[in-house]
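Colleague: Return atomic coordinates for the entry below.
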Amino acid sequence: MGDRDPGVAGATGAAIPGGPETPEAVPTPRAVEPDGIRPGGVLKRERVRDAVLNMVEERDPGDAIPSERTLCVQLGVSRPTLRAAVDELVTAGILVREHGRGVFVAPEKITQELVQDRYSLSVPQASGTWTSRLLEFTTMPAGARVGRKLRLSPAAEIFYVARLRLVDGSPMAIEHLHIPAALVPGLTARELEHGDLYQHLRTQHGVHVSDATQAIEPTVVTRAEAEVLDVPELFPALLFERLTSDSTGRPVEYVHSIYRGDRYRIVSRLKLATDAAPAEPPAGHHPGIPPGDFAHGNPVAASTLGDVQG
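Modeller: Next comes the predicted model:
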C-alpha cells in the first residue's frame, strides 16, 4: 500500500517517513541544530504519522489499529495531535474509520507500472526556475520504516530535511528528505537551499547518485500543507515517493513530496514500434492507454517530464 503518509511531502497530508510503533521504538530525535535550525512542528507531526504508518505496515487490510486512548499513551502525544494524524491517513485512503467500531487498515491500492523494466526512461529537468527554502533540518534515528527503505538500523542517524520547493518564486511542493548521516558528514543548509543537491553530494561528499525508483499517486493536501503551499485544505495534489541509489546500488536518499495539483503535470512520450506483426495484447495496460491499443507487443520507449531535481 502507498506510503503517503501522504502529508508529503505524502496520502494525504503532510509527508511522513517511517517510524516506530511503541514509545521505545520512537526515540526522541537528538536535535543537532545544523546551521542553527531547530526541529519543530513539522518533525513532530512526521513522527506521530510514521508511528501509525508503521503499525499499518505490520497489519493486513481490514485489521484494526489500537484505540485512540491506547495510541496516545504508547506514543506519548495528545489526543488532538493523534487524531489529526489519523484523520490525514483516513483522507489518504490508508485507514478507514467505521462509526462505532473503530479505525481499520484500508484495502490495498491497485498498483500499475507506467514503464516496465524493458522500457527505456529518461526524465528531463522540469521547466521554470526552481529554488528551495528550508522548513526543518536536523539529525535523528532512522526509525523502523525509513531504516528499512535505506537498509539502515533503526538507531542509525539520518539527516531529516523538510523543504519548500518554489518555481519562479511560487510555492510548488513540500519535500521530506531522509539521507544517511554517515554518507554526508558536514551536510549544510546551504547545500540544501542552493544549487543541485545531487551535484553537491557528488562534489562535496563523494556520493555518486545513479538510479532512482519513483512512485506517483493522487492525493489532497492537509491543513498544514495548504498553509505552506498557499492553497485551500483538501486541495488536489500529487504524492511523489522516491528511493535513490548510488553507483554501487546502496540507497542514499528516501524522499516523499507533495506537489500542488493545479501547478504540476506529467507528460509521457511513447515511441511505438509499428512494423511488427500483431500479437495478443499482454495482460494489463498502461494508465491512459485503453487495453488493446498498441497490442503488437514490442517495446515502447518512453520519456517522462517531471521533477527529479535534487
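Colleague: For the rest of this, base every contact and every neighbour count on C-alpha atoms.
Modeller: Noted.
Colleague: Which parts of the stretch 101-250 of the chain are helices?
Modeller: Taking DSSP state H, counting those that start in this stretch, the helices of the stretch 101-250 of the chain run over residues 143-150, 189-193, 197-205, 223-229.
Colleague: Only the C-alpha atoms, please, for the first one, written as PDB.
Modeller: Looking back up the chat, that one is helix 143-150. Only the C-alpha atoms of helix 143-150 are listed here, as PDB (Å, rounded to 0.1, in the frame of the first residue of the first chain):
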ATOM      1  CA  GLY A 143      13.400   4.500  12.800                       C
ATOM      2  CA  ALA A 144      11.800   1.300  11.500                       C
ATOM      3  CA  ARG A 145      10.200   2.500   8.300                       C
ATOM      4  CA  VAL A 146      12.900   4.800   6.900                       C
ATOM      5  CA  GLY A 147      15.600   2.300   8.200                       C
ATOM      6  CA  ARG A 148      14.000  -0.400   6.100                       C
ATOM      7  CA  LYS A 149      14.000   1.800   3.000                       C
ATOM      8  CA  LEU A 150      17.600   2.900   3.400                       C
END
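Colleague: Show me what counts as buried in it.
Modeller: Neighbour-count burial for helix 143-150 flags 143-147, 149-150 (criterion: 16 or more other Cα atoms under 10 Å).
Colleague: So which residues of this structure form strands?
Modeller: For the chain, the strands defined by DSSP state E cover 95-98, 102-105, 121-122, 130-141, 157-167, 170-180, 209-220, 236-246, 251-260, 267-272, 300-305.
Colleague: so where is this protein shaky, pLDDT-wise?
Modeller: Along the chain, segments meeting pLDDT under 70 span 1-42, 110-127, 268-270, 273-310.
Colleague: Mind listing what's buried along the longest helix seen in it?
Modeller: Of all the segments assigned as helix in the chain under DSSP state H, the longest by residue count is helix 41-57. Neighbour counts over helix 41-57 (16+ other Cα under 10 Å) mark 42-43, 45-56 as buried.
Colleague: Neighbours of L135, how many?
Modeller: 20 (other Cα atoms under 10 Å).
Colleague: Pick the most buried one from the helices of the stretch 101-250 of the chain.
Modeller: Neighbour counts (mean count of other Cα atoms under 10 Å) averaged over each of the helices of the stretch 101-250 of the chain peak at helix 143-150, with a mean of 22.
Colleague: if we can go back for a sec, and which of the buried residues of helix 143-150 is nearest to T213?
Modeller: Checking those against T213 with Cα to Cα, the nearest one is K149 at 11.7 Å.
Colleague: now that closest one, nearest residue through space, not along the chain?
Modeller: Closest residue to K149 apart from its sequence neighbours, by Cα to Cα, 6 or more residues apart in numbering: Y254 at 7.2 Å.
Colleague: What residues are bridge-paired with that neighbour?
Modeller: Beta-bridge pairing of Y254 under DSSP bridges involves H178, L243.
Colleague: Over to the one 4 residues further on?
Modeller: The partner list for I258 in beta bridges (DSSP bridges) reads I174, L239.
Colleague: what's the spacing between it and L150?
Modeller: 20 Å (Cα to Cα, to the nearest Å).
Colleague: picking that back up, what's the closest of the helices of the stretch 101-250 of the chain to L166?
Modeller: That would be helix 223-229 among these, by Cα to Cα, at 9.3 Å.
Colleague: Counting by contacts, list what that closest one packs against.
Modeller: Packing partners of helix 223-229 (3 or more Cα pairs under 8 Å, 6 or more residues apart in numbering; DSSP states H and E): strand 170-180.
Colleague: got the buried residues for the strand it packs on?
Modeller: For strand 170-180, using 16+ other Cα under 10 Å, the buried residues are 171-180.
Colleague: just checking, what packs against that strand?
Modeller: By 3+ Cα pairs under 8 Å, 6+ apart, strand 170-180 packs against strand 157-167, helix 223-229, strand 251-260.
Colleague: Which stretch among these is buried most, on average?
Modeller: Note that of those, strand 251-260 is the most buried (mean count of other Cα under 10 Å), with a mean of 26.
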